[in-house]
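A.B. asks: one predicted model, sequence on top.
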Amino acid sequence: MIKPESNLTIVIPVNEKEEIVEQFIGFNKEYLKNYRVIVINKSGGEALREYADVYIQSSDPLHKARRAGIDLVLTPFALMLDADVILPVFYIKWALVIFANSKDTGAVSIDYHRLQGHLAFGQSVWDTEVLKSLYDWRIVKETKICECVWMWGKLNRKTKLNLRTMTLTAGHLKEVD
């Protein structure tokens, strides 16, 4: 399948119920059709196969699946996308405009409609080389740090690049009635 947009790859690690993934596809179909997609499916993601440029069946935990997907990205930008997120219209295009107009940007993020207390990594657009150089998150139960805080901290400490936050918000399918 030839995709019209070639500057961004969507990385989707999947460990969801099939019903959630079907809803995810319904809400995000235009993105899935227009950008390169890498799916790493642990559970529930079979329906994403038709949109995937790369489809991997894996039993790895989320962070290892995400790392495998990141390693396969060949485009300048990568969208980390959890399979239970509803992206707002124009998010990717506007994020890419931010990158084009701000050379000191390493990542662009948004938050959920319902306040989560942090910006979510699972819906963030990254400069691919920056992401590949920084991503080493693992579950750290002792500190109870989340992946987003870990990655934003690394971006801040290890580079001179910024996290840009858009005023857009994403929906979360587990909150949709």
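C.D. replies: Structure's in. What do you need?
A.B. asks: low-confidence ranges in this structure?
C.D. replies: Scanning the chain for pLDDT under 70 picks out 1-2, 111-119, 139-144, 174-177.
A.B. asks: which element is the closest residue to Val11 other than its chain neighbours on?
C.D. replies: Counting by CB to CB, 6 or more residues apart in numbering, Val11 lies nearest to Gly69, which is 3.7 Å off, once chain neighbours are set aside. The way it works is simple: take the backbone N, C-alpha and C, and place the C-beta from them, glycine included. For Gly69, the element it lies in under DSSP states H and E is helix 62-72.
A.B. asks: what about that helix, distance to the chain center?
C.D. replies: Helix 62-72 has its average C-alpha position 11 Å from the chain's average C-alpha position, going by CA atoms, centre = their mean, to the nearest Å.
A.B. asks: so what touches the next helix or strand after that helix?
C.D. replies: Downstream of helix 62-72, the next assigned helix or strand under DSSP H and E is strand 77-81. The contact list for strand 77-81 (CB atoms under 8 Å, 6 or more residues apart in numbering) reads 7-12, 28, 31, 35, 66, 70, 87, 92, 95-96, 99, 121-128, 131.
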